[in-house]
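>>> here you go, sequence then predicted model.
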Amino acid sequence: MYYSSGNYEAFARPRKPEGAERKRAWFVGAGLASLAGAAFLVRDAQVPGDHITILERLKLPGGALDGIREPRKGFVVRGGRELEDHMECLWDLFRSVPSLEVEGASVLDEFYWLNKDDPNYSLQRVTERRGQDAGTDGRFALNDRAQKDLVKIFLATREELEGKRIDEVFGRDFLDSNFWLYWRTMFAFEEWHGALEMKLYLHRFVHHVGGLPDLSALKFTKYNQYESMVLPLTRWLMDQGVTFRFGTEVTDIDFDLTAGRKLATRVHWTEAGQEGGTDLGEDDLLFTTIGSLTENSDNGDQHTAARLDEGPAPAWDLWRRIAAKDPAFGRPEVFCGNIPASKWESATVTTLDPRIPRYIQKIAKRDPFGGGVVTGGIVTARDSGWLMSWTVNRQPHFKQQSPDQIVVWVYGLFVDRPGDFVRKPMQDCTGEEITREWLYHLGVPVEEIPELAAQGATCVPVMMPYITSFFLPRRAGDRPAVVPEGAVNFAFIGQFAETGRDCIFTTEYSVRTGMEAAYRLLGVERGVPEVFGSTYDIRKLLAAASRLRDGAELDLPGPAFVRKHLLHRLDATEIGQLLEEFDLLGEPPQ
């Protein structure tokens, strides 16, 4: 397996790997990593679809890419996915998956046309004082010390940041800036999360720094992620003959481990209360999703708070059993052993009263019933005790949604702090109480809030114990390689497998691990698209530098005549032209 870029590799069709027709593949989990891996086996490795089986403990595919209407509760999405142009593996996958919405188009075509016609951007990213514009004016407000902190982390080696927290490497000047407010609420970073992950995100998305204040960096699907992404991919896989076995919990995997060679020999599972499994040989391929960010999620309802479930967690227990067999299989306790640091809560509000959408429109400055972009991503209430953010995507967000309803997604980063209207921690609140707090920060008159929360909306809160577990401080080896050294017939996939320069908590990462696993184990003669190289592009770096300085020009040191001479010398070079193009140099001193 190798990485590549450019049309030569992107448009090439690989030949069938030798012995592909003899292979039988098993996938543990039906999340996006498994769905993608199965698709690449069929499309690029040309393994027959009926030789592929996906084992899933739950009743539905998709993993964290969910979206469902629960009887007697309402619509539920645990989280939403922010997409961008340069998710190279994701779009490589969905160019081949037929759209369920547009005849003759792929999912990529549908998505591309939608976002051309209705580009995403926010008209009010931050509020305070109950729905008033916070006046950030798109500025990052990074002073010199905060800028130096950012550059220092950007230039640091990975090894320097291993095991360190964000608040150990950034000072208060940075953590009090608008940049950190935009960043942490968009990506769900906490100050105690890993500095290494912060660095990887900076490198991965440096080309989108300018789009952080108004979220113009982002793109979204037409409907929720389940209906827009999971369903078409699952249907295409079924059409290829791929077998899905739901209600099947994989409990353990056996390996034959010798010096320089690792072979998976058996998968154990329980199905309908019965123990079962299958033996594996060298022509049997096993792709295991390890860990789970949505494991033990608990849904409350309008009158019941979501419960924090710290009990047995099957996905994590499986990884623990696997990891105990070889040091190369990772250290799951690093990620699942600190629930207070990895939990947060979201809630899905469905409006029933026409008065509520008027307050949404006042902040979003768009008609929420218009069918297009509404908030353009999250709106953060900066002075919220929960640090609450909320978003209204294109409506309807669900195909089953009534045309007079709006589905809103709400989350809080500080779930154990009291609210501002409901004087309780978010984690202790019912759906009705969370709606009260949201309406308060929306600017609804206080005397109307109790009635609207009780009768004008329904809300389903969801507590997720491990939702940011992959952000916890880590070191090399805590996550196993996608294909560990010496592995003959197995791979680890998903958010807790280690691959290159990419960063977790993205759909791209899940798809990339599935693609790398399939290509490596089958020897597919086509390059895996490399991570977009914006961090090596001087134009992207200069644009980001200018934007991070809120447009302030560089202050060259030295006496005026020296600066004047230097600027004149620079003007005659391509470097000077680049600095001028990105507004980093002013006029020479007189």
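Looks like it arrived, so ask away. Numbers count the residues shown, from 1 in each chain.
>>> average pLDDT across stretch 485-498?
Averaging pLDDT along stretch 485-498 gives 97.
>>> chain center to that stretch: distance?
20 Å (CA atoms, centre = their mean, to the nearest Å).
>>> buried ones in that stretch, by neighbour count?
By neighbour count on 16 or more other CB atoms under 10 Å, the buried set for stretch 485-498 is Ala487, Asn489, Phe490, Ala491, Phe492, Ile493, Gly494, Gln495, Phe496, Ala497, Glu498. Yep, even glycine has a C-beta here, placed from its N, CA and C like the rest.
>>> neighbouring contacts of the helix or strand in which the fourth one is found?
Secondary-structure element containing Ala491, defined by DSSP states H and E: strand 490-493. When contacts are taken as CB atoms under 8 Å, 6 or more residues apart in numbering, the neighbours of strand 490-493 outside the stretch itself are 33-34, 37, 253, 255, 262-264, 285-290, 329-330, 480-484, 497, 510, 513-514, 516-517, 520-521.
>>> what lines up beside that strand in the sheet?
strand 284-289 (parallel) (DSSP bridges).
>>> could you export the strand holding Ala491 as PDB, CA atoms only?
Provided in PDB are the C-alpha atoms of strand 490-493 (Å, rounded to 0.1, in the frame of the first residue of the first chain):
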ATOM      1  CA  PHE A 490      -6.500  -9.000   9.800                       C
ATOM      2  CA  ALA A 491      -6.700  -5.200  10.300                       C
ATOM      3  CA  PHE A 492      -8.000  -2.700  12.900                       C
ATOM      4  CA  ILE A 493     -10.300   0.000  11.600                       C
END
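>>> helix or strand next in line after that strand, which one?
helix 507-522.
>>> quick one: mean pLDDT for that following helix?
On average, helix 507-522 scores 98.
>>> from here on, call the first residue 407.
Yes, from this point I'll number from 407; that puts the last item at helix 913-928.
>>> show me what it is packed up against.
helix 438-449, helix 494-500, strand 690-695, strand 896-899, strand 934-935 (3 or more CB pairs under 8 Å, 6 or more residues apart in numbering; DSSP states H and E).
>>> can you put these in TSV and add distance to Trp792?
Converted to TSV, the helices and strands packed on helix 913-928 look like this (distance: least, CB to CB, whole Å):
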stretch	distance to Trp792
helix 438-449	29
helix 494-500	31
strand 690-695	31
strand 896-899	34
strand 934-935	38
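>>> tell me which of these sits nearest to Tyr872.
strand 690-695 (13.5 Å; CB to CB).
>>> and after the closest one, which helix or strand comes next?
strand 704-705.
>>> residues in contact with that next one: which ones?
Contacts of strand 704-705 (CB under 8 Å, 6+ apart): Glu476, Lys479, Val482, Ala712, Arg713, Leu714, Asp715, Val866, Pro867, Val868, Met869.
>>> give me the buried subset of those.
Lys479, Val482, Ala712, Leu714, Val866, Pro867, Val868, Met869.
>>> in strands only, show me the residues you listed.
Val482, Val866, Pro867, Val868, Met869 (DSSP state E).
>>> pull the contacting residues for the fourth one.
Contacts of Val868 were listed using CB under 8 Å, 6+ apart, and they are Val482, Arg484, Ser703, Asp704, Asn705, Gly706, Ala712, Glu751, Ser752, Ala753, Thr754.
>>> and the last one, that one's in a helix?
No - assessed by DSSP: H, G, I helix; E, B strand; the rest coil, Thr754 does not belong to a helix; its assignment is strand.
>>> run a quick neighbour tally on it.
Using other CB atoms under 10 Å, Thr754 is surrounded by 28 other residues.
>>> that one and Leu506, how far apart?
Distance from Thr754 to Leu506, counting by CB to CB, to the nearest Å: 22 Å.
>>> ok, the first one next?
Using CB to CB, we find Val482 at a distance of 21 Å from Leu506.
>>> try Asp977
Counting by CB to CB, the gap from Asp977 to Leu506 is 55 Å.
>>> also Asn521?
From Asn521 over to Leu506 (counting by CB to CB), the distance is 17 Å.
>>> with Tyr846 instead?
39 Å.
>>> looking at those two, which one has more neighbours?
Higher neighbour count among Tyr846 and Leu506: Tyr846, with 22 against 17, using other CB under 10 Å.
>>> what's the helix or strand for the more buried one?
Assigned by DSSP H and E, Tyr846 falls in helix 837-848.
>>> thanks a lot, see you next time.
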